[in-house]
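Chemist: no sequence for this one, just the structure:
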């Protein structure tokens, strides 16, 4: 192409709007929000990603067309001074970038990001995608977190929840105005990406748990159940795929974890950017979590046509109906989990295929990325953050 004629000006297309997305890890934005980011860009929006520095994920976000702005967020820290620093840093970024909307996930971006956006006159849309340890174990931290949520969410345009139990907890405690609540069916699943290549049943009694190695995910109950099930079916294989030494107050130490491996109770699979090969090899996917927002792992397993063993708690029972697409057990109860895994071991091929088909059907009809994105866009338009689509 030749140079522009003298006096001519290049035409720069102004984005329909500028949206900030923020989480306490860039990994969260890449792995869980990529579908939403792509849809916002299709709508003509510029998307700015804010998270703590992470060179690998920053490169991924750049490939997705996002401009990355690093911020210091001490995800598990309890220092008021550090958190004040985060709030002020976010406020400076928002004042500089002048976004039309703030979308956030995880506790500190939801609290301090919303407060910062509110102080700058920017519409804020926090997503309560899980309650975390502060709500699972009630203590002084729980009271402080509730106060922060109540203060921040007064200024939110809408607050997204992924299950009715979490929304009820917040509204009953007057942490959020019920008129501001909008429900989302998780983070959205692409059924074309998450699917089994042939639909065949793997070798029976192959269990897979995908989770961080922390107590609140039910890892200890999984190990205890593995020990009991293997006594009855010695050929049972129980794998756990996930990171060790994570920043969580219920994290399980390497010494304890190494003892389980030495005993041969479980096999550890290193985290990977693609969990599908492990799910394809699994007969059942297990998640004995104490509470979830709406478990992404269970949605992925369902779309892959894998029956599930999980706990009868918010965010898990929303995905699995007992006997239809898997089996439910009591939380923090190794004996109940053992009984559910025993039911899985005894599942006939016909029942396995029936549950696999039902799980995938629900993943497509109720939890698809298209449905989730539509709710986001409708909400942004209804509240004036996104221009109304023509036609």
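Modeler: That came through fine. Please read these numbers as outputs of a predicted model, since none were measured by experiment.
Chemist: Please confirm that residue 208 is located within a strand.
Modeler: Yes - membership of residue 208 in a strand is supported by DSSP: H, G, I helix; E, B strand; the rest coil.
Chemist: count of residues packed around it?
Modeler: 26 (other Cβ atoms under 10 Å). All C-beta atoms are positioned from the backbone trio N, CA, C, and that covers glycine.
Chemist: same thing with residue 179?
Modeler: Residue 179 has 7 neighbours, counted by other Cβ under 10 Å.
Chemist: Roughly how far does residue 271 sit from residue 242?
Modeler: Using Cβ to Cβ, to the nearest Å, residue 271 is found at 6 Å from residue 242.
Chemist: Walk me through the domains of this protein.
Modeler: Using automatic domain parsing, the domain parsing of the chain gives 17-188+369-382, 206-366.
Chemist: in this protein, which spans are strands?
Modeler: Secondary structure of the chain by DSSP state E: the strands cover 17-22, 45-51, 67-70, 101-105, 123-128, 159-161, 181-183, 206-210, 237-241, 267-269, 284-287, 308-311, 326-329.
Chemist: want to throw those into a markdown table with distance to residue 193?
Modeler: Shown next, in a markdown table, are these (distance: least, Cβ to Cβ, whole Å):
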| stretch | distance to residue 193 |
| --- | --- |
| strand 17-22 | 20 |
| strand 45-51 | 21 |
| strand 67-70 | 24 |
| strand 101-105 | 21 |
| strand 123-128 | 21 |
| strand 159-161 | 23 |
| strand 181-183 | 24 |
| strand 206-210 | 16 |
| strand 237-241 | 18 |
| strand 267-269 | 20 |
| strand 284-287 | 17 |
| strand 308-311 | 19 |
| strand 326-329 | 21 |
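Chemist: Would you convert those strands into JSON lines that also reports mean pLDDT and distance to residue 338?
Modeler: Formatted as JSON lines, the strands of the chain follow (pLDDT from 0 to 100; distance: least, Cβ to Cβ, whole Å):
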{"stretch": "strand 17-22", "mean pLDDT": "96", "distance to residue 338": "41"}
{"stretch": "strand 45-51", "mean pLDDT": "97", "distance to residue 338": "39"}
{"stretch": "strand 67-70", "mean pLDDT": "96", "distance to residue 338": "45"}
{"stretch": "strand 101-105", "mean pLDDT": "97", "distance to residue 338": "34"}
{"stretch": "strand 123-128", "mean pLDDT": "96", "distance to residue 338": "32"}
{"stretch": "strand 159-161", "mean pLDDT": "96", "distance to residue 338": "32"}
{"stretch": "strand 181-183", "mean pLDDT": "96", "distance to residue 338": "34"}
{"stretch": "strand 206-210", "mean pLDDT": "98", "distance to residue 338": "12"}
{"stretch": "strand 237-241", "mean pLDDT": "98", "distance to residue 338": "11"}
{"stretch": "strand 267-269", "mean pLDDT": "96", "distance to residue 338": "18"}
{"stretch": "strand 284-287", "mean pLDDT": "98", "distance to residue 338": "11"}
{"stretch": "strand 308-311", "mean pLDDT": "98", "distance to residue 338": "10"}
{"stretch": "strand 326-329", "mean pLDDT": "98", "distance to residue 338": "8"}
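Chemist: Relative to residue 383, which of those is closest?
Modeler: strand 123-128 (6.2 Å; Cβ to Cβ).
Chemist: for the closest one, packing partners?
Modeler: strand 101-105, helix 114-119, strand 159-161, helix 164-172 (3 or more Cβ pairs under 8 Å, 6 or more residues apart in numbering; DSSP states H and E).
Chemist: what's the most buried one of the ones you listed?
Modeler: The highest mean neighbour count among the helices and strands packed on strand 123-128, using mean count of other Cβ atoms under 10 Å, belongs to strand 101-105: a mean of 26.
Chemist: If you count contacts, what does that strand end up packed against?
Modeler: The contact analysis (3+ Cβ pairs under 8 Å, 6+ apart) places strand 101-105 against strand 17-22, helix 114-119, strand 123-128.
Chemist: Now distance to residue 37 too, for those, in JSON lines please.
Modeler: As requested, those are exported to JSON lines (distance: least, Cβ to Cβ, whole Å):
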{"stretch": "strand 17-22", "distance to residue 37": "7"}
{"stretch": "helix 114-119", "distance to residue 37": "18"}
{"stretch": "strand 123-128", "distance to residue 37": "14"}
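Chemist: these two touch, right, residue 223 and residue 260?
Modeler: Yes - using Cβ atoms under 8 Å, residue 223 is in contact with residue 260, at 5.1 Å.
Chemist: before we move on, the earlier item: between residue 271 and residue 242, which is the more surrounded one?
Modeler: Neighbours around residue 271 and residue 242, counted as other Cβ under 10 Å, are more numerous at residue 242. The numbers are 19 against 11.
Chemist: Residue 212 is in contact with that one, correct?
Modeler: Yes - between residue 242 and residue 212 there is a contact under Cβ under 8 Å: 5.1 Å.
Chemist: Overlap in contacts, residue 223 and residue 260.
Modeler: Shared contacts of residue 223 and residue 260 (Cβ atoms under 8 Å, 6 or more residues apart in numbering): residue 266.
Chemist: Output the below-cut-off pLDDT ranges for the stretch 251-391 of the chain.
Modeler: Along the stretch 251-391 of the chain, the parts satisfying pLDDT under 70 run over 390-391.
Chemist: how about 50 then?
Modeler: Within the stretch 251-391 of the chain, the segments meeting pLDDT under 50 span 391.
Chemist: ok, now the stretch 1-150 of the chain?
Modeler: Checking the stretch 1-150 of the chain against pLDDT under 50 turns up 1-4, 8-12.
Chemist: give me that answer again for 70
Modeler: Scanning the stretch 1-150 of the chain for pLDDT under 70 picks out 1-13, 76-78, 132-139.
Chemist: Which residue ranges of it form helices?
Modeler: Using DSSP state H, counting those that start in this stretch, the helices of the stretch 1-150 of the chain run over 26-32, 34-42, 55-63, 80-97, 107-108, 114-119, 133-136, 140-153.
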